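Asker: Fold the following, please.
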Amino acid sequence: MSSRATMQEWWAMNGKIFRFMDLPPELRCRVYETMIGEYVWPGIDIITSDISSLGCRVEFSEKLLYFWDPTRNRPLFQQHSPATLRLASRAIQEEWTKTAWESSTKHFLSSSWIENLIPKMRSIPYNTLRRISLGFDNSDYLEALGLKANSQDGFALKPHHRWMSDNGCLELLSNIRTLYHLQLHFRIFPPGHPDIYLYPWGDPWGVRDETGYSEASCQKAFLDWFFTLALEHLRKIPRVTFSGHVKNSTRRKWEAIFEDERRGTRHAMTDVIKAIKATPVQAL
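Answerer: Residues are numbered from 1 along each chain as shown. Modelled structure (predicted):
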């Protein structure tokens, strides 16, 4: 017996069949939220508020760690998503689209996507930028600060691109007035992981050979330096959280600092930043 026939039989027995639009709007929105998932992935070609521009959740292969969001899912676009409910009527489509844009966290895999999409998302007639999640690799997090490692300087200014900000996307994000929550998701490949050879550029200071890395950077040191360099931007955002490959000691330290900043206690980082940037590239 099909699932539809089973449901019809159940409704005939209990007499509780009802039309979806008879539900209160709050319950309909909860249905949409459950189907859409916590995170959506704005598409690189986004122009309008059409939900087809957003990716929804799906369980994904553990081998492709790089493409996970913080809930261990990856984007699933319209042709395979449960978004067909929105096609039932114009009213449902309007509710679905508004819910998808406003209730979800927008997850981005690269700083270039941020700089391409944010200006376009600002023109959408919904509160689209209240919650944002970043899932960059470490090199891209460094570029989000306007910096890029090279063989002579571990903290060189990133090369100029006419379609990207020289100062990095964190400055752009920190100036979004509606942004309430920024989540930073960190991912590194453990030694021997097969993807380390597919994405060798993810470590800004790793020692590379013809097969990938022969020596990886210290994640604890990277995160401490990143948060120090990023604090001037992150302190402008009401809520900052982080997940993924973050040691407990790093988490405790920076959660306390962010809490101090929210309460109005400023942490001066000028001298620390000078010392970080003065680190010889050979010592990174």
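Asker: Every contact and neighbour count from this point should use C-alpha atoms.
Answerer: OK.
Asker: Isn't I273 up against A230?
Answerer: No - in this structure I273 lies outside contact range of A230 using CA atoms under 8 Å: 10.0 Å.
Asker: between the two, which one's more packed in?
Answerer: Taking other CA atoms under 10 Å, I273 and A230 do not tie; A230 has more neighbours (18 against 15).
Asker: Can you give me the pLDDT of that one?
Answerer: At A230, the pLDDT value in this model is 95.
Asker: Check Y197 too.
Answerer: So, for Y197, pLDDT stands at 51.
Asker: Likewise for the one 4 residues further on?
Answerer: As predicted, W201 sits at a pLDDT of 54.
Asker: now do E62
Answerer: Confidence at E62, expressed as pLDDT, is 37.
Asker: what does the one 10 residues further on give?
Answerer: The predicted local confidence for R72 comes out at a pLDDT of 58.
Asker: and what of H80?
Answerer: 41.
Asker: Renumber starting at 22 from here on
Answerer: With 22 as the first residue, the last one maps to H101.
Asker: tell me how far stretch 53-65 is from the chain's mean position?
Answerer: 12 Å (CA atoms, centre = their mean, to the nearest Å).
Asker: I misspoke; the intended subject was stretch 196-207.
Answerer: Its chain's C-alpha centre and that of stretch 196-207 lie 9 Å apart, by CA atoms, centre = their mean.
Asker: Same check on stretch 49-60?
Answerer: On CA atoms, centre = their mean, the centre of stretch 49-60 falls 18 Å from that of its chain.
Asker: ditto for stretch 41-58
Answerer: 25 Å.
Asker: Then stretch 158-177?
Answerer: Its chain's average C-alpha position is 19 Å from that of stretch 158-177, according to CA atoms, centre = their mean.
Asker: just stretch 268-279 next, same as before
Answerer: Offset of stretch 268-279 from its chain centre (CA atoms, centre = their mean): 20 Å.
Asker: if we look at it, which residues are touching it?
Answerer: Residues outside stretch 268-279 that contact it (CA atoms under 8 Å, 6 or more residues apart in numbering) are K241, L244, D245, F248, R256, V261, T262, H288.
Asker: now with 10 Å?
Answerer: Contact with stretch 268-279 is made by 240-242, 244-245, 248-249, 252, 255-256, 258-264, 281-288, as judged by CA atoms under 10 Å, 6 or more residues apart in numbering.
Asker: Any of those buried? List them.
Answerer: Among the contacts of stretch 268-279, the ones that count as buried by 16 or more other CA atoms under 10 Å are 240, 244-245, 248-249, 252, 255-256, 258, 260-261, 263, 282-283.
Asker: so which helix or strand takes in the spatially closest residue to C50 that is not a sequence neighbour?
Answerer: Once flanking residues are discounted, C50 sits nearest to T120: 6.5 Å by CA to CA, 6 or more residues apart in numbering. In the assignment (DSSP states H and E), T120 maps to helix 111-124.
Asker: Quick check: buried residues in that helix?
Answerer: Buried residues in helix 111-124 (16+ other CA under 10 Å): I113, Q114, W117, T118, K119, T120, A121, W122, E123, S124.
Asker: The stretch 122-271 of the chain: strands as residue ranges?
Answerer: Using DSSP state E, counting those that start in this stretch, the strands found in the stretch 122-271 of the chain span residues 126-129, 152-155, 168-169, 177-178, 202-207, 228-230, 233-236, 260-265.
Asker: hey, which of these is tucked in deepest?
Answerer: Counting by mean count of other CA atoms under 10 Å, strand 126-129 has the highest mean neighbour count of the strands of the stretch 122-271 of the chain, with a mean of 24.
Asker: Could you find the two of the buried ones among the contacts of stretch 268-279 that are most distant from each other?
Answerer: Q240 and R283 (25.8 Å; CA to CA).
Asker: what's around the residue lying closest to L166 once chain neighbours are set aside, how many residues?
Answerer: Spatially, and ignoring its direct neighbours in sequence, L166 is nearest to G189 (4.7 Å; CA to CA, 6+ apart). By other CA under 10 Å, the residues close to G189 number 23.
Asker: Touching, G189 and S131? I think so.
Answerer: No - judged on CA atoms under 10 Å, G189 makes no contact with S131 at a distance of 11.3 Å.
Asker: Mind checking what secondary structure V61 has?
Answerer: Look at V61: counting by DSSP: H, G, I helix; E, B strand; the rest coil, its state is strand.
Asker: From H206, how far off is it?
Answerer: 15 Å (CA to CA, to the nearest Å).
Asker: what does E282 give?
Answerer: 21 Å.
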